[in-house]
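[1] Here is my input, please return the structure:
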Amino acid sequence: MVKRALVMAISVILALAVAAPIASGKKPPSQPQDVNALTEQWWTWALAVPSPLNGDYKAGRKCKGEFVEGVFFLAGTQGGDATRTCIVPADTALLFPVVNSFLTEEEVTPPKVYPGYPTNFVDAALANGELYATLDGEDLSFSRINRTFQPLILADPNIFGVPGGEYGHENCADPTRCLTASDGLWVYLPQGLKPGEYTLKFGGDFGDFFGLNVTYNLIVV
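    Below is the predicted model:
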């Protein structure tokens with residue numbers, strides 16, 4: 001069982017291509033990007049093995065954010081600091097969460113926390129500290145995106161060690177297809193970056209609640 005393990009703090013918490021081609025790592029046809037849907041697809045990418053949520057790294061396997069055609073994903077951490085170097089394609093949209101959370105519907109035992117937990121988590125972060133996201137010292141804007149009742153689609157392999165595809169659990173209304181709720185504050189740069197080198201920083205310190213501070217040295221080519 002991976003019941004409690006699914007409650008994880010990314011960028012904060014360690015959702016989801018709704019289509020099988022995404023779950024298998026195949027790129028869909030090029031089309032205008034739905035940022036809400038992209039946040040679901042980000043979760044599928046982030047929960048794969050090796051997970052981009054873990055630790056420091058130099059340009060390499062964990063930096064491969066081209067999970068969806070025309071977009072490059074970046075990740076935070078499960079709490080804590082990290083410094084990373086990534087090679088990023090020029091003029092390609094960037095998407096990453098400053099803080100986010102998700103929960104599956106299997107968490108139905110008292111106190112019942114689905115689907116409100118992710119929103120409560122983000123609210124608590126905002127109440128206990130201040131988030132930031134900067135590119136070369138300039139503030140970036142972020143948007144809050146709340147998604148509920150989406151299936152959790154896992155890549156294969158994934159950090160839970162279960163078969164890829166739609167996640168199922170006996171405690172879900174449909175045991176073959178557990179639904180999720182997610183919430184987070186996201187930065188989306190639809191035009192991407194021109195060739196060059198950039199420093200991206202994001203995160204926040206939230207007292208005893210948690211904290212993360214992530215630095216990306218981006219090499220855009």
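
[2] just the helices in the chain please.
    Secondary structure of the chain (DSSP state H): helices at 20-23, 35-46, 117-128.

[3] Isn't residue 152 up against residue 169?
    No: taking Cβ atoms under 8 Å as the definition, residue 152 is not a contact partner of residue 169, at 9.6 Å. Where C-beta positions appear, they are placed from N, C-alpha and C, glycine not excepted.

[4] Those two: who's more crowded?
    For residue 152 against residue 169, the residue with the higher neighbour count under other Cβ atoms under 10 Å is residue 152, and the figures read 28 against 20.

[5] how much space between that one and residue 160?
    As for residue 152, its distance to residue 160 is 10 Å (criterion: Cβ to Cβ, to the nearest Å).

[6] list residues touching both of the two?
    Counting by Cβ atoms under 8 Å, 6 or more residues apart in numbering, the residues touching both residue 152 and residue 160 are residue 167.

[7] Can you find the helix or strand in this structure with the smallest mean pLDDT?
    Per-element confidence for the chain was summarised using mean pLDDT, DSSP states H and E. The lowest value among helices and strands belongs to helix 20-23, with a mean of 29.

[8] and the helices of the chain as a markdown table, adding mean neighbour count and distance to residue 136?
    Compiled in a markdown table, those are given as follows (neighbours: other Cβ atoms under 10 Å; distance: least, Cβ to Cβ, whole Å):
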| stretch | mean neighbour count | distance to residue 136 |
| --- | --- | --- |
| helix 20-23 | 16 | 32 |
| helix 35-46 | 23 | 23 |
| helix 117-128 | 18 | 25 |
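
[9] tell me the strands in the protein, going along the chain?
    Remark: strands assigned in the chain by DSSP state E are 8-9, 71-73, 80-88, 93-104, 130-135, 138-139, 143-151, 153-154, 165-166, 179-189, 196-205, 211-220.

[10] Poorly predicted segments of this protein, please.
    1-32, 108-112 (pLDDT under 70).

[11] and if we set it to 80?
    The chain contains residues with pLDDT under 80 at 1-32, 107-112.

[12] Now find how far off-centre stretch 146-154 is within its chain.
    Distance, stretch centre to chain centre, for stretch 146-154: 12 Å (Cα atoms, centre = their mean, to the nearest Å).

[13] Nice, that's everything, thank you.
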